[in-house]
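K.L.:
my questions are about this predicted structure, shown below with the sequence.
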Amino acid sequence: QLQLVESGGGLVQAGGSLRLSCAASGFTLEHYTIGWFRQAPGKEREGVSCISSSDGSTYYADSVKGRFTISRANAKNTMYLQMNSLKPEDTGVYYCAIKSGATAQAMCVTNVQKDWGKGTLVTVSS
């Protein structure tokens with residue numbers, strides 16, 4: 001059974017760093033385009049960063065460019081989101097997701113059907 005489990009969220013001060021992990025089971029992560037999404041209180045879920053399975057191309061939302069880095073460790077069947085220079089506006093529930101055959105941009109920007117984890121809460125205090 002396909003499962004995605006996020007971890008690494010928590011409370012951090014502005015300017016700090018966190019690394020989110022998403023452990024996959026029941027399938028081989030490297031065969032999928034992967035992504036991180038977030039939902040801030042009162043807002044819609046948005047694509048933060050995605051990476052294509054086919055060519056490794058990436059997409060980053062403008063709000064996180066230069067601060068966040070997406071990666072995957074195929075041997076561990078795990079994906080990561082390194083978040084540096086965190087801001088209060090980065091607060092939200094972060095979800096990992098997978099999609100077979102999508103480009104990174106399509107994964108992050110469009111409403112293509114995806115498989116989701118349950119999320120991990122990130123709170124950035126000012």
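P.N.:
Now that the structure is in, tell me what you want to look at. Numbering: from 1, shown residues only.
K.L.:
alpha carbons only for contacts and neighbour counts from here, please
P.N.:
Fine.
K.L.:
quick one: the strands in the protein, in order.
P.N.:
Using DSSP state E, the strands of the chain run over 3-7, 10-13, 18-25, 33-39, 46-51, 58-60, 68-73, 78-83, 92-99, 115-116, 120-125.
K.L.:
I'd like the mean pLDDT over the first one, please.
P.N.:
Translated: strand 3-7. Averaged over strand 3-7, pLDDT sits at 96.
K.L.:
tell me which of the strands of the chain lies nearest to Gln105.
P.N.:
Closest approach to Gln105 among those is made by strand 58-60 (5.6 Å; C-alpha to C-alpha).
K.L.:
as a markdown table, the strands of the chain with mean neighbour count and distance to Ala106 would be great.
P.N.:
Formatted as a markdown table, the strands of the chain follow (neighbours: other C-alpha atoms under 10 Å; distance: least, C-alpha to C-alpha, whole Å):
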| stretch | mean neighbour count | distance to Ala106 |
| --- | --- | --- |
| strand 3-7 | 19 | 20 |
| strand 10-13 | 15 | 29 |
| strand 18-25 | 20 | 20 |
| strand 33-39 | 25 | 10 |
| strand 46-51 | 26 | 9 |
| strand 58-60 | 22 | 9 |
| strand 68-73 | 18 | 16 |
| strand 78-83 | 21 | 18 |
| strand 92-99 | 25 | 10 |
| strand 115-116 | 16 | 14 |
| strand 120-125 | 20 | 23 |
